[in-house]
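Asks: Let's see this in three dimensions:
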Amino acid sequence: QVQLVGSGGGLVQAGGSLRLSCAASGRTFSSKTMGWFRQAPGKEREFVAAIKWNGGSTYYADSVKGRFTISRDNAKNTVYLQMNSLKPEDTAVYYCAAANVYPTSSSNDYSYWGRGTQVTVSS
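Replies: Numbers count the residues shown, from 1 in each chain. Presented below is the predicted three-dimensional model:
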C-alpha cells in the first residue's frame with residue numbers, strides 16, 4: 001500500500017508561484033506513476049500532471065502546460081508540483097495520487113489518493 005500526504009497549498013496572487021509536495025509511505029512508491037489532480041468548487045476532479053516511476057517522462061493537461069512542473073525524488077518518497085504564473089482559474093483543492101500505469105490522466109487508474117491541499121489564487 002501507499003499512503004500519501006499532500007502539503008504546500010495556500011493563498012497567492014495571480015502571477016505568483018507555489019510548490020506542492022506529496023510525501024509517500026510504503027516501499028512501492030518508486031515503482032508508481034504519480035499524478036496530481038485538482039477539483040474546483042462545483043466542478044469535477046480534473047487531471048493536472050503525471051510523472052513516470054523513474055521520473056523519465058512527464059505528462060500535463062493543456063491548461064497547465066508550460067506553467068506547472070511535476071518532479072519526484074524517489075530517495076525521499078516525494079513528488080512535487082511547481083506551479084508558476086498562477087491564475088485565478090487554478091484555484092482548487094489539489095490531490096496527489098499513485099497509479100500502476102503510465103501515461104494516464106484517468107482518475108480511475110489511480111489507486112491511492114492523498115488528502116487534498118487548498119490552492120487559492122486571487123486576482
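Asks: sec struct for the one residue sitting closest to the centre of the chain, please.
Replies: Nearest to the mean C-alpha position of the chain, by CA atoms, centre = their mean, lies W36 at 2.3 Å. Three-state call for W36 (DSSP: H, G, I helix; E, B strand; the rest coil): strand.
Asks: Please tell me I have it right and it contacts R45.
Replies: No. Contact criterion CB atoms under 8 Å: W36 and R45 do not qualify, at 10.9 Å. The way it works is simple: take the backbone N, C-alpha and C, and place the C-beta from them, glycine included.
Asks: if we can go back for a sec, might you report the residue contacts of the residue nearest to the centre of the chain?
Replies: W36 makes contacts with 20, 22, 48-50, 70, 79, 81, 94-97, as judged by CB atoms under 8 Å, 6 or more residues apart in numbering.
Asks: Select only the buried ones of those in PyMOL?
Replies: Burial among the contacts of W36 is assessed by 16 or more other CB atoms under 10 Å; the matching PyMOL selection reads:
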select buried, resi 20+22+48+49+50+70+79+81+94+95+96+97
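Asks: that older thread, spatially nearest residue to the residue nearest to the centre of the chain (excluding sequence neighbours)?
Replies: Nearest residue to W36, sequence neighbours excluded (CB to CB, 6 or more residues apart in numbering): V48, at 4.2 Å.
Asks: Likewise for S17?
Replies: N84 (4.7 Å).
Asks: Now do the same contact list for the one you found.
Replies: Going by CB under 8 Å, 6+ apart, N84 touches 17, 67-69.
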